[in-house]
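A.B. asks: Got a predicted structure plus its sequence, pasted below:
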Amino acid sequence: MSSSQIVHVIDDDVAVRQSMAFLLSTAGHAVRVHESAVAFLQAFSGTEDGCVVTDIRMPGMDGLELQGRLKSMNIGLPVIVITGHGDIALAVQAMKAGAIDFIEKPFDDDVLLVAIRSALARNLHLVEREAQLAEIGRRLQSLSDRERDVLEGLVAGKPNKIIAYDLGISARTVEVYRANVMTKMRADSLSELVRMAILSGNAS
Amino acid sequence: MVPLAERPNRLEPMTSHTSIPQDLETLTVALEAAEARLQSILQTVPDAMLIIDERGRVESLSATAERLFAYAKDEVVGRNVDMLMATPHREQHDAYLKRYLTTGERRIIGIGRVVTGRRKDGTTFPMHLTVGELQLADRHYFTGFIRDLTDQQLTEIRLKELQSEVTHMSRFMALGEMASTLAHEINQPLTAIANYLKGCRRLLERMAGEPALVLRDAVGKAADQALRAGDIIRRLREFVARGETERRIESLPKLIEDASTLALIDAKENAVTVSFRLDPAADLVLADRIQIQQVLVNLIRNAIEVMSEGGKRRQLDIATVADGGDLVEVSVSDTGTGIAPEVAAQLFQPFVTTKRKGMGLGLSICRTIIEAHGGKIWVDSPPDGGTIFRFTLRTANGEGRSLVE
């Protein structure tokens, strides 16, 4: 990554954005913090290279609106969305709108740093990102057809009962499939599972 | 209405509105007309209705009453009405009638009440009975209007069930509210803490010397704990928001081992002896690891706490039993002072506590977690003292194991 690349951190919580700036600077990134999406848009010249790390729920313009605004302004900065509410539906929406990753607060630094490095290296084949995607792909491969059906339901935000209804099997059986999916995908949470499924979907 | 027709001379009050009879023949015609009108009413009145005389014999009943009690008209008319009643009114009805005719004291007439009816096949049903009185010369007749309450009572039972579901939900929601507010408020500082610590760890990685090494390790561990706190909050929030826990197939002995390690840190200081009796058949369960650990830690800590309050024997037993079917039972028993029955009954309600410094949320949350896992939690007070908390979990032995390659 070149030093001209700037990571823009947008979060309405001052402690969060400052701590993020500290963390990213220890990892060698040039960072600028903004207290709102509007403040970022005002400060952004429109030409500099880098990426955006933004909270999804903020007063005023939220993360999703910001994505829309960047798109309409033809600014191709990659966006990483951070969520504090475990709001998977919103995160899925952000990914569909082109966000390259979503990360739940509080997060492991490596997860954020890998996402940022891959954002900054959009056009390069980033080894660790590729490795990550390959690993997710391998785990997906290990799922049975039924398990994949259940995974699809989960990514669509459906509760067990609805998935059971859709597939014509009992909720109890869905629960077992879901437990297996979580184990095979090595996901600690539903959001992590959804994230892996979407990352893999976007890459393919 | 044969019996009525046989006593035409006693029917003046009923026929007074008709034209004054000229002779016996006209009278008979008028009576037959009145009888026909009554029959047509009895055939069409939507309520079940019957008429009895002062000895309790059924004079007449409506078509709806026939259907309601599943008797044909002929099986009832002329017989004692108590055949349509359930115990204890069945045995007492003749006495009721006698008492009324002697004392004139009204217990049901004009008041109406809910009683139990009895069908031909012996089954009973709730009904609302209104009784009216008809006096013809020196004879009394009683009319009974009956409304079948079966549906209504079913509705009420369903309502009560719903109410308890709602109570559960509101308990759940109160918890959800707290969890969701907490999650948001606490996640922000937790994120900042984790970021600062991970940043420090990165800086320390570039420093040489033993202090830097020790610091790096400590700071890294501190950061992991911030993430762990976030993990606990996230699970709680997901669980209350979706009503579903993230269950996986877990080894019960391992869960117990981990939870005890956490909970027993203080046990040695309190001179508590711990024993485990783990059924080898109680192995794989469907569980959210963190939540079940939370339950176990809670129960074990409670047990240690009550035993530290006194008593010479301080014995903590943790046991599992597989029931051979769908469930395993986990029990945590102590030799403490025991729980008073009146407290035991409401022990799992939120904000009920025997501790001087307790919120009374621990066991309530335990219950919410166990119930969400499809299990039950309860407390036993063995006769020789102490307390046993028991809960059940669903096994993953059946369809679960076959799905795990």
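C.D. replies: Thanks, I have it.
A.B. asks: what's residue B:45 in contact with, if anything?
C.D. replies: Shown in contact with residue B:45 (C-beta atoms under 8 Å, 6 or more residues apart in numbering or on different chains): B:62, B:64. (Glycine included, C-beta is placed from N, CA and C.)
A.B. asks: Could you report the separation of it from residue B:81?
C.D. replies: Remark: distance between residue B:45 and residue B:81 (C-beta to C-beta, to the nearest Å) = 18 Å.
A.B. asks: got it, and residue A:111?
C.D. replies: The gap separating residue A:111 from residue B:81 is 80 Å, by C-beta to C-beta.
A.B. asks: helix/strand/coil for residue 147?
C.D. replies: Chain wasn't specified; assuming chain A. helix (DSSP: H, G, I helix; E, B strand; the rest coil).
A.B. asks: That one touches residue A:185, doesn't it?
C.D. replies: No - counting by C-beta atoms under 8 Å, residue A:147 sits too far from residue A:185 to count as a contact (9.2 Å).
A.B. asks: how about low-confidence regions in chain A?
C.D. replies: For chain A, the stretches with pLDDT under 70 are A:1-3, A:85-87, A:123-127, A:202-204.
A.B. asks: and residue B:146, how many neighbours?
C.D. replies: Counted with other C-beta atoms under 10 Å in any protein chain shown, residues neighbouring residue B:146 total 23.
A.B. asks: How is the chain divided into domains?
C.D. replies: Using chain A. Split into domains by automatic domain parsing, chain A comes to A:6-124, A:131-203.
A.B. asks: not what I meant, chain B
C.D. replies: For chain B, automatic domain parsing gives the domain ranges B:2-149, B:153-242, B:248-403.
A.B. asks: In a markdown table: those domains, plus distance to residue A:94 and mean pLDDT.
C.D. replies: Putting the domains of chain B into a markdown table (distance: least, C-beta to C-beta, whole Å; pLDDT from 0 to 100) gives the following:
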| stretch | distance to residue A:94 | mean pLDDT |
| --- | --- | --- |
| domain B:2-149 | 56 | 79 |
| domain B:153-242 | 18 | 79 |
| domain B:248-403 | 27 | 80 |
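A.B. asks: looking at the ones you listed, which is closest to residue A:20?
C.D. replies: domain B:153-242 (5.5 Å; C-beta to C-beta).
A.B. asks: quick one: contacts of the lengthiest strand in chain B?
C.D. replies: With secondary structure taken from DSSP state E, chain B has its longest strand at strand B:124-136. Here strand B:124-136 makes contact (C-beta under 8 Å, 6+ apart) with B:7, B:10-11, B:13-14, B:48, B:51, B:68, B:86, B:108-110, B:112-119, B:140-150, B:152-153.
A.B. asks: If we use 7 Å, what do you get?
C.D. replies: B:10-11, B:13, B:86, B:108-109, B:112-119, B:140-150, B:153 (C-beta atoms under 7 Å, 6 or more residues apart in numbering or on different chains).
A.B. asks: from these, which would you call buried?
C.D. replies: Neighbour counting by 16 or more other C-beta atoms under 10 Å in any protein chain shown classes B:11, B:86, B:108-109, B:115-118, B:141-149 among the contacts of strand B:124-136 as buried.
A.B. asks: Close to chain A as well: tell me which of these qualify.
C.D. replies: By C-beta under 7 Å from any C-beta of the partner chain, no member of these lies near chain A.
A.B. asks: Select from the residues you listed every entry located in strands.
C.D. replies: Counting by DSSP E, the buried ones among the contacts of strand B:124-136 contribute B:115, B:116, B:117, B:118, B:141, B:142, B:143, B:144, B:145, B:146, B:147, B:148 to strands.
A.B. asks: Can you tell me which of these is nearest chain A?
C.D. replies: Chain A has its nearest neighbour among these in residue B:148, at 35.5 Å by C-beta to the nearest C-beta.
A.B. asks: Can you show me the strands along the stretch 251-400 of chain B?
C.D. replies: B:273-278, B:284-287, B:315-322, B:327-334, B:377-380, B:387-394 (DSSP state E, counting those that start in this stretch).
A.B. asks: for those, which one sits closest to chain A?
C.D. replies: strand B:284-287 (6.4 Å).
A.B. asks: Show me what that closest one is packed up against.
C.D. replies: Judged by 3 or more C-beta pairs under 7 Å, 6 or more residues apart in numbering or on different chains; DSSP states H and E, strand B:284-287 is in contact with strand B:248-251, strand B:387-394, helix B:399-403.
A.B. asks: For the shortest one, give me every contacting residue.
C.D. replies: It refers to strand B:248-251. With contacts defined as C-beta under 7 Å, 6+ apart, strand B:248-251 is touched by A:179, A:182, A:183, B:283, B:284, B:285, B:286, B:287, B:289, B:396, B:400, B:404.
A.B. asks: what does the second one give?
C.D. replies: Contacts of strand B:387-394 with the rest of the structure, by C-beta under 7 Å, 6+ apart, involve B:285-287, B:295, B:299, B:326-334, B:336, B:338-339, B:370, B:373-382.
A.B. asks: If we use 8 Å, what do you get?
C.D. replies: Contacts of strand B:387-394 (C-beta under 8 Å, 6+ apart): B:252, B:285-287, B:292, B:295, B:299, B:302-303, B:306, B:326-334, B:336, B:338-339, B:366, B:370, B:373-382.
A.B. asks: relative orientation of that strand and strand B:315-322 in degrees?
C.D. replies: When axes from the mean of the first three to the mean of the last three C-alpha atoms, to 10 degrees is applied, the directions of strand B:387-394 and strand B:315-322 differ by 30 degrees.
A.B. asks: Chain neighbours aside, what residue packs nearest to residue 142?
C.D. replies: Because you didn't say which chain, this covers chain A. Nearest non-adjacent residue to residue A:142, counting by C-beta to C-beta, 6 or more residues apart in numbering or on different chains: residue A:184, 5.1 Å away.
A.B. asks: Switch to chain B, please.
C.D. replies: Distances taken as C-beta to C-beta, 6+ apart put residue B:52 closest to residue B:142, at 5.1 Å, once the chain neighbours are dropped.
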